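In: A predicted structure for the sequence below; I have some questions about it.
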Amino acid sequence: MAQAVGEPRLPCYSPKKAFRLLLWAYGASFAEKLQRERENTVYLKGIPFPENIQITNSEALAAESADMLVVATPAQAVRETLHRIHQTALSGKTLVNLSKGIEVKTGLRISQVIRQVHPEVQDEQIAILYGPSHAEEVCTEHPTTVVAASTCLETAKLVQDTFITPMFRVYVNDDVIGVEIGGSVKNIMAIAAGISDGLGFGDNAKAAIITRGIAEISRLGARLGANPLTFAGLAGIGDLVVTCSSRHSRNRYVGEMIGKGKSLDEIIQSMEMIAEGVETTRAVAALSKELNVDMPITQSVYEMLFEGKPVKQAVYELMTRDPKFELS
Ligand SMILES: NC(=O)c1ccc[n+]([C@@H]2O[C@H](COP(=O)([O-])OP(=O)(O)OC[C@H]3O[C@@H](n4cnc5c(N)ncnc54)[C@H](O)[C@@H]3O)[C@@H](O)[C@H]2O)c1
Ligand SMILES: O=P(O)(O)OC[C@H](O)CO
C-alpha cells in the first residue's frame with residue numbers, strides 16, 4: 001500500500017528480543033522434523049523460526065534450563081505434560097499458560113490443574129496469557145492485543161514486559177478466574193457461531209450468539225468469583241468476537257461442518273489441530289449443571305455434539321425458550 005507523504009512509518013517488524021527460546025515439542029520425530037526444517041509446516045507453513053529458537057523433545061532440559069515456562073499444549077494434555085516435569089525444575093520460576101480450556105475429568109481451569117499437579121508452585125508464579133490472538137496473524141505481525149493475568153501483579157507485569165512488542169500489545173489484569181473462564185468458554189460459543197454459519201444464517205444470528213454468549217460466560221464467571229468487567233475485556237468479548245468470526249478459528253470451523261451435516265467424528269478425524277471447544281463443552285455443560293448456572297447455548301451445543309440433536313431442532317428450541325428479561 002502506498003504511504004502518504006508525511007505519514008509516520010509503522011515499524012511493522014518488531015525488534016527481536018534477545019531471549020533464548022527452547023521449544024519442547026511433543027514426540028521425538030516431530031521435534032527432529034521441526035529442528036531440521038526450522039519451520040512448522042503443519043501449523044504455520046511458510047513462517048521460518050527465528051534464529052533464537054531451538055527445539056527439544058526433552059521436557060527435563062526444557063524445564064530446567066528455563067527462567068519462564070510457557071504452557072501451550074492442548075488443555076486436556078496439560079496434566080500429563082506437567083507430570084513429566086520434576087518439581088525441583090519449577091522452583092521460583094514463572095509459568096505462563098496459553099492453553100485455553102477446562103479439564104473434563106475435574107472441571108478445573110488450567111491454573112488449577114497446574115497447582116494440583118505441582119502444589120509446590122505458588123499462585124503468584126502463575127500467569128495466564130489470553131486474548132484474541134490467532135497465531136496466523138501474530139506470526140505475520142498483524143496488530144494483536146492480549147491480557148496477562150496473575151493474582152500477583154508483579155508476575156503479570158513481568159509477563160507483559162517479556163511478551164510485549166510494537167505489534168503485540170499486552171495488558172495486565174489480576175482476575176485469573178475471569179480471564180480463564182472468558183478465554184476458555186468462548187470456544188463453545190465459536191462452535192455455536194460456526195453452526196450458524198453452516199446453516200447459512202446471517203449477521204443477526206452471529207450477533208445474537210456473541211451477545212447472549214458473553215451473558216452466559218459472565219453468569220458462569222460470576223458464580224466462580226470472577227470480576228464481571230473482565231468479560232468486557234480482551235479475554236472476554238475480545239476473544240469471543242475473534243473466534244466467532246475468524247476464518248482461522250478451529251472451533252468455528254468445527255461448528256460450520258456440524259451445521260453442514262458432518263458428524264463430529266469425521267470432522268475431528270479430518271483436522272490436524274485441536275478444537276478445544278469440543279472437550280470444553282463437555283466440561284462446562286457438567287459444571288453449569290453442578291453449579292446450577294443457566295447456560296442454554298452451551299447446553300444446546302452439548303446436545304448437538306454428543307447427543308445427536310438435529311441442529312435445526314436445537315436452534316428452534318433455543319429461540320422458543322420462555323421469554324426473558326435481558327439482564328437476568
Ligand atoms: N493457534 C492459536 O491461534 C491459538 C491462540 C491462542 C491460544 N491458543 C491455545 O493454545 C493451545 C495450543 O494450541 P495450538 O494452536 O498450538 O494447537 P494444538 O492444540 O492443536 O496443538 C498444540 C501442540 O500440542 C501437541 N500435542 C498434541 N497432543 C499432545 C499431548 N497429548 N501432550 C502434549 N502435547 C501434545 C501437538 O504436537 C501440537 O504441537 C490451545 O489450548 C489453544 O486454544 C491457540
Ligand atoms: O482457532 P481457535 O478457535 O482455537 O481460537 C484460537 C484462539 O483462542 C483465538 O484467540
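Out: On my side now, so go ahead. Ligands and ions are numbered 1, 2, ... in the order given.

In: Quick one: name whatever helix or strand follows the helix or strand that residue 32 is a member of.
Out: Here residue 32, judged by DSSP states H and E, is contained in helix 28-37. Per DSSP H and E, the first helix or strand lying C-terminal to helix 28-37 is strand 53-56.

In: same question for the helix or strand just after that next one, mean pLDDT?
Out: Next helix or strand after strand 53-56 toward the C-terminus (DSSP H and E): helix 59-64. Average pLDDT, helix 59-64: 93.

In: what does the model give residue 18 for pLDDT?
Out: The score at residue 18 is 81. That number is its pLDDT.

In: That one: which element?
Out: Using DSSP H and E, no helix or strand contains residue 18.

In: Would you indicate which residues of the helix holding residue 32 are buried?
Out: 31, 33-35 (16 or more other C-beta atoms under 10 Å). Any C-beta I mention is one placed from the backbone N, CA and C, and that applies to glycine too.

In: Looking at the residues you listed, spot the one nearest residue 122.
Out: Closest approach between the buried residues of helix 28-37 and residue 122, by C-beta to C-beta: residue 31, at 30.4 Å.

In: The closest one contacts residue 57, doesn't it?
Out: Yes - in this structure, residue 31 is within contact of residue 57 by C-beta atoms under 8 Å, at 3.8 Å.

In: shared neighbours of the two, anything?
Out: Counting by C-beta atoms under 8 Å, 6 or more residues apart in numbering, the common neighbours of residue 31 and residue 57 are 24-25.

In: OK, contacts around the closest residue to ligand 2 within the stretch 101-250 of the chain?
Out: At 3.5 Å from ligand 2, residue 249 is the closest residue in the stretch 101-250 of the chain, using C-beta to the nearest ligand atom. Neighbour list for residue 249: 134, 190, 194, 242-243 [criterion: C-beta under 8 Å, 6+ apart].

In: 7 Å instead, please
Out: 190, 243 (C-beta atoms under 7 Å, 6 or more residues apart in numbering).

In: OK, contacts around the most centrally placed residue in the chain?
Out: Nearest to the geometric centre of the chain sits residue 100, at 3.4 Å (C-alpha atoms, centre = their mean). Counting by C-beta under 7 Å, 6+ apart, residue 100 touches 75, 130, 183-184, 187, 276.

In: Also residue 86?
Out: residue 60.

In: likewise residue 242?
Out: Counting by C-beta under 7 Å, 6+ apart, residue 242 touches 132, 134.

In: Can you give me the neighbour number for residue 65?
Out: Residue 65 is flanked by 13 other residues according to other C-beta atoms under 10 Å.

In: which one is it nearest to, not counting chain neighbours?
Out: residue 22 (6.1 Å; C-beta to C-beta, 6 or more residues apart in numbering).

In: element containing that neighbour?
Out: Using DSSP H and E, residue 22 sits in strand 21-24.

In: Tell me the helices and strands packed up against that strand.
Out: Where contact means 3 or more C-beta pairs under 7 Å, 6 or more residues apart in numbering; DSSP states H and E, strand 21-24 is packed against strand 53-56, helix 59-64.

In: right, is the last one up against ligand 1?
Out: No - contact between helix 59-64 and ligand 1, assessed by C-beta under 6 Å from any ligand atom, is absent, since the two come no nearer than 9.5 Å.

In: And that helix, what does it pack against?
Out: Using 3+ C-beta pairs under 7 Å, 6+ apart: helix 59-64 touches strand 21-24.

In: how about the strand it packs on, does it reach ligand 1?
Out: No - Strand 21-24 does not reach ligand 1 (C-beta under 6 Å from any ligand atom); its nearest approach is 8.7 Å.

In: Listing partners with orientation, what would you give for that strand?
Out: Using DSSP bridges, the strands paired with strand 21-24 are strand 53-56 (parallel).

In: Give the buried residues for the partner strand.
Out: For strand 53-56, the neighbour count (16+ other C-beta under 10 Å) marks 55-56 as buried.

In: what's the answer for stretch 174-182, then?
Out: Those would be 175-182, for stretch 174-182 by 16+ other C-beta under 10 Å.

In: what's the answer for stretch 245-252, then?
Out: Across stretch 245-252, burial judged by 16+ other C-beta under 10 Å covers 245-246, 249-252.

In: Can you pull out the low-pLDDT segments for the stretch 1-150 of the chain?
Out: Along the stretch 1-150 of the chain, segments meeting pLDDT under 70 span 1-15.

In: cutoff 90 now
Out: By pLDDT under 90, the weakly predicted segments of the stretch 1-150 of the chain are 1-18, 87-89.

In: ok, the residue in the stretch 101-250 of the chain that ligand 1 sits nearest to - contacts?
Out: Closest approach of the stretch 101-250 of the chain to ligand 1 (C-beta to the nearest ligand atom) occurs at residue 135, with a separation of 3.6 Å. When contacts are counted by C-beta under 7 Å, 6+ apart, residue 135 touches residue 44.

In: Right, I'll leave it there.
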